[in-house]
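>>> What follows is a predicted protein model with its sequence.
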Amino acid sequence: MTHPVSRTILLLDIERFSDRDDVEQAYLRRMLYDVTDRALETAGIDETLRTRADRGDSVMELIDANAPVTALLRALLTEVPVQLRAMNRMASRSAQMRLRGVVAGGYVAVDDLDGWVGSDLNHACRLLDAALLRAALRERPDDFALCVSDSVYQGVVRHDHPGVPAADFHQVTVGTKNGPLTAWLHGPVPAAGEDHRERGAGEAPGGSGDRPAPATPAAPGTTGDTGDTGDTGDTGDTGDTGDTGDTEDTRNRPAPAAHRGAPAPGPVLDVNGGSVSFGGGYVAGDQHGVSGGRVTGDVVMGSKTDGDRS
């Protein structure tokens, strides 16, 4: 085994990778490599300054300690979201990619089987797999969530370098089998008490499908739209308007909900007095008290064919 050397550790992982089929996974892996390479090139970190390990749905980069961490963080916060947004905009739902990322620092050695070993690397991997980081990505509309280790925050982020705003990072505690880890999450922290475990099967994977749903706008005619009905007060001259207080204004009332609150399956017509006319309509059969509101027998709305008249 080699001697442990100081390295900057970069980890990137694809959200819900295992939910895709083989063709989609192969495509996403190519896109992951492309995004990683462009981000590192933007940071001025060429292939001579880094070593890569493939982990299937994730990529691990050991970066030379002399490479600027500020440039790396700046590229991750700017270049990666831009690339993901552009790629996902043109991709089908199953081919969209969202990423979790971790930047950490520490000592890593290479063993006789060309494997990487070191407690600092283990801690970085646990941050990447943390339920809190998964929840942070799932709950935000962006396609990227980044977490940095406490050593990276204390040594770099807290100094508020250009393009790496310290105020955007929030301290979090991640529970692991070896005890709690302190880390710093970029962007909003998931609400305390929420279930941060990965969602179960049955949800659409990837891309915008995992983003929070936009707020449903209020139905037209509710709260405020009915304000115009105040003009009915002019009917007070008739003297009988006192009785109208019992009549509900149904002109703008939303259709009643169907089973379990689902939208009603078709249009709903409320008639409270007055007359109703259907152009080109025909009503046949026995009708009793039509003006009162009850129609029995066959009812046909629309044109009547010659065959029906025989």
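Okay, I see it.
>>> ranges for the strands of the stretch 1-150 of the chain?
Using DSSP state E, counting those that start in this stretch, the strands of the stretch 1-150 of the chain run over 5-14, 50-54, 58-64, 99-110, 116-117, 144-149.
>>> Now for Asp168: which residues touch it?
186-187 (Cβ atoms under 8 Å, 6 or more residues apart in numbering). (Each C-beta comes from the backbone N, C-alpha and C, glycine too.)
>>> so what pLDDT did it get?
Residue-level confidence at Asp168 comes out at 97, pLDDT.
>>> swap in Arg20?
86.
>>> With Gly175 instead?
pLDDT, Gly175: 85.
>>> go on, the one 3 residues further on?
pLDDT, Asn178: 77.
>>> That one: what's it in contact with?
Arg126.
>>> tell me the contacts of the closest residue to Asp142 other than its chain neighbours?
Nearest non-adjacent residue to Asp142, counting by Cβ to Cβ, 6 or more residues apart in numbering: Pro81, 6.1 Å away. Pro81 makes contacts with 142-144, as judged by Cβ under 8 Å, 6+ apart.
>>> For Asp19, see how far away Leu32 is.
The spacing between Leu32 and Asp19, counted by Cβ to Cβ, to the nearest Å, is 15 Å.
>>> returning to that earlier point: just the buried residues out of the contacts of Pro81, in PyMOL syntax.
In PyMOL, a selection of the buried entries from the contacts of Pro81 looks like this (16 or more other Cβ atoms under 10 Å):
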select buried, resi 143+144
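>>> Across the sheet, point out what pairs with Asp13.
In this entry, Asp13 is beta-bridged to Ser58, Arg100, by DSSP bridges.
>>> for Val174, same thing?
Per DSSP bridges, the residues bridged to Val174 are Leu181.
>>> was I right about it contacting Ala183?
Yes: using Cβ atoms under 8 Å, Val174 is in contact with Ala183, at 5.6 Å.
>>> any shared contact partners between the two?
127, 130.
>>> neighbour-wise, which of the two wins?
Counted by other Cβ atoms under 10 Å, Val174 and Ala183 do not tie: Ala183 has more neighbours, with 27 against 18.
>>> ok, and the helix or strand in this structure with the lowest average confidence?
strand 282-283 (a mean of 46; mean pLDDT, DSSP states H and E).
>>> higher neighbour count, Leu32 and Asp19?
Leu32 (20 against 16).
>>> how about that one, what does it touch?
Counting by Cβ under 8 Å, 6+ apart, Leu32 has contacts 12, 14, 58-59, 97, 99.
>>> This completes my enquiry, with thanks.
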